[in-house]
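Peer 1: Fold the following and give me the result.
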Amino acid sequence: MPHRKLKDIIADQKLVHASVDDTVAETVKRMQQKHVGAALILDDGELKGIFTGSNLFHGVLKNGVDPNSVRVAEVMTGDPVCLDCNALGFEAVRHMRDHGIRHIVVLNTGEKGYGVVSVRDFPNEKLGEYEEEFEFENKLWEEL
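Peer 2: Take a look at the predicted model:
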């Protein structure tokens, strides 16, 4: 998989997106329904950021903020790391390691325009440093 193009890796993904005006609770509900760990935040079709479990924890739960009262745009990661859909999987893995992230936005994906590649898309790679975070994230989603 590390030598496949990102567009092939994400071909059948369930993309979740939210508006900058949606609440965190609304966004998390959509993410849970599709069993994904990230949502793209759009404003009139333009990418504004990405929202992940880390944003939920660090921007909302850790601070005791009510997810029904905060807009997802207030806690998202703006200016996310992006790669073109023709980039290779190993490039995505390298960027994830270099930036300490688990999701990368994939650009120019055709009809959808965007996609998301996750560290979970690379199960055979040596990504041991993420295992503890995976367990934490799974527990976090289950509790919501």
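Peer 1: Just the pLDDT at the residue lying closest to I41 once chain neighbours are set aside, thanks.
Peer 2: Excluding the flanking residues, the one nearest I41 by CB to CB, 6 or more residues apart in numbering is G49, at 4.4 Å. Just so you know, the C-beta spots here come from the backbone N, C-alpha and C atoms, and that holds for glycine as well. G49 is assigned a pLDDT of 97 by the prediction.
Peer 1: Just say helix, strand or coil for G49.
Peer 2: Three-state call for G49 (DSSP: H, G, I helix; E, B strand; the rest coil): strand.
Peer 1: The one 5 residues further on now?
Peer 2: In terms of secondary structure, S54 is helix; the call rests on three-state DSSP.
Peer 1: Count the residues that sit near it.
Peer 2: 21 (other CB atoms under 10 Å).
Peer 1: Now for the most centrally placed residue in the chain: which residues touch it?
Peer 2: Central residue of the chain (CA atoms, centre = their mean): A38, 2.9 Å from the mean position. Contact analysis of A38 by CB atoms under 8 Å, 6 or more residues apart in numbering lists V16, M31, I50, F51, T52, H103, V116, S118.
Peer 1: any weak-confidence spans in this protein?
Peer 2: Along the chain, segments meeting pLDDT under 70 span 1-2, 124-144.
Peer 1: where do the helices sit along it?
Peer 2: All helices of the chain, identified by DSSP state H, fall at 6-9, 24-34, 53-59, 89-99, 131-143.
Peer 1: Dump those helices into TSV; add distance to E74 as well.
Peer 2: Below are the helices of the chain laid out as TSV (distance: least, CB to CB, whole Å):
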stretch	distance to E74
helix 6-9	29
helix 24-34	8
helix 53-59	7
helix 89-99	22
helix 131-143	19
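Peer 1: Ok, which of those helices comes nearest T109?
Peer 2: Smallest distance to T109 across the helices of the chain (CB to CB): 6.0 Å, for helix 6-9.
Peer 1: how distant is that closest one from the center of its chain?
Peer 2: Here the centre of helix 6-9 is set off from its chain's centre by 15 Å, with CA atoms, centre = their mean, to the nearest Å.
Peer 1: In terms of secondary structure, what does that helix contact?
Peer 2: Counting contacts by 3 or more CB pairs under 8 Å, 6 or more residues apart in numbering; DSSP states H and E, helix 6-9 is packed against helix 89-99, strand 114-118.
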